[in-house]
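Participant: Task: produce atomic coordinates for the following.
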Amino acid sequence: MWRAYSDMKEANYKDSDKYFHARGNYDAAQRGPGGAWAAKVISRMKLFTGLIFCSLVLGVNSWLSFLGEAARGTWDMWRAYSDMREANFKNSNKYFHAHGNYDAAQRRPGGAWAAKVISNAREGSQRVTDLFKFGDSRHGVDSRAGQAANEWGRSGKDPNHFRPAGLPDKY
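Facilitator: Residues are numbered from 1 along each chain as shown. From the prediction side, this is the model:
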C-alpha cells in the first residue's frame, strides 16, 4: 500500500489514483489474509489517519508500561507512608519521604512521576489543612524540608542520609 501511494505521488499523473489504489490493494492481498485485511482498512481511511492509528497502536505499549510503573510507584509511596505510621518514630518523617520517593523513582519514569505528584499533593494538602487549623500555613519550613527529602529520594540518592538514629532495622 505504501509503495503504491509513494509511486502515485511521484508519478503525479492526472487521474492515475484509481490505478495506484488498485495496484496497492492487489499487492497487499497477495501477502495473504493479513495483507488483504490491511488493504481493506487502509483503503477506507485517509493515509494520514492510518499512519496516526498505527503510531497510536505502537505507542500503547509505552503508555501501558508508564501506567504500570506509575501504579507500582504509587504502591511504593503507600508502603513508605504505612511504614512511617507503623514506626511512629520521632524525627523519621524526612527519612520515609526520601525512602518512598527513592523506591518509586526506581520504577522508571512512571514511578518518578507518581512520586512527584503524590509528594506535591501531600505537601499542598498539608498547607491547606494548616491554613484552616491555624489560620496560616505555619509549616512552611517543615514543608520545604519535606520537599527536599522528596527530591533527594527521587534523584536516586541514598535515603539513609535522613535515617534517624535508633530507627529499627525493619525500616
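Participant: Quick check: phi and psi on residue 106?
Facilitator: Residue 106 adopts backbone torsions of phi -70, psi -10, taken as degrees, to the nearest 10.
Participant: ditto for residue 32
Facilitator: For residue 32, the backbone dihedrals (degrees, to the nearest 10) come out as phi 110, psi -170.
Participant: gap between it and residue 23?
Facilitator: According to Cβ to Cβ, to the nearest Å, residue 32 and residue 23 sit 17 Å apart. Quick note: C-beta positions are derived from backbone N, CA and C, even for glycine.
Participant: Comparing those two, which residue is more hemmed in?
Facilitator: Higher neighbour count among residue 32 and residue 23: residue 23, with 15 against 9, using other Cβ atoms under 10 Å.
Participant: which helices and strands does the helix or strand harbouring that one pack with?
Facilitator: Using DSSP states H and E, residue 23 maps to helix 17-29. The contact analysis (3 or more Cβ pairs under 8 Å, 6 or more residues apart in numbering; DSSP states H and E) places helix 17-29 against helix 2-11, helix 33-44.
Participant: Out of these, which gets the lowest mean score?
Facilitator: Among the helices and strands packed on helix 17-29, helix 2-11 has the lowest mean pLDDT, at a mean of 65.
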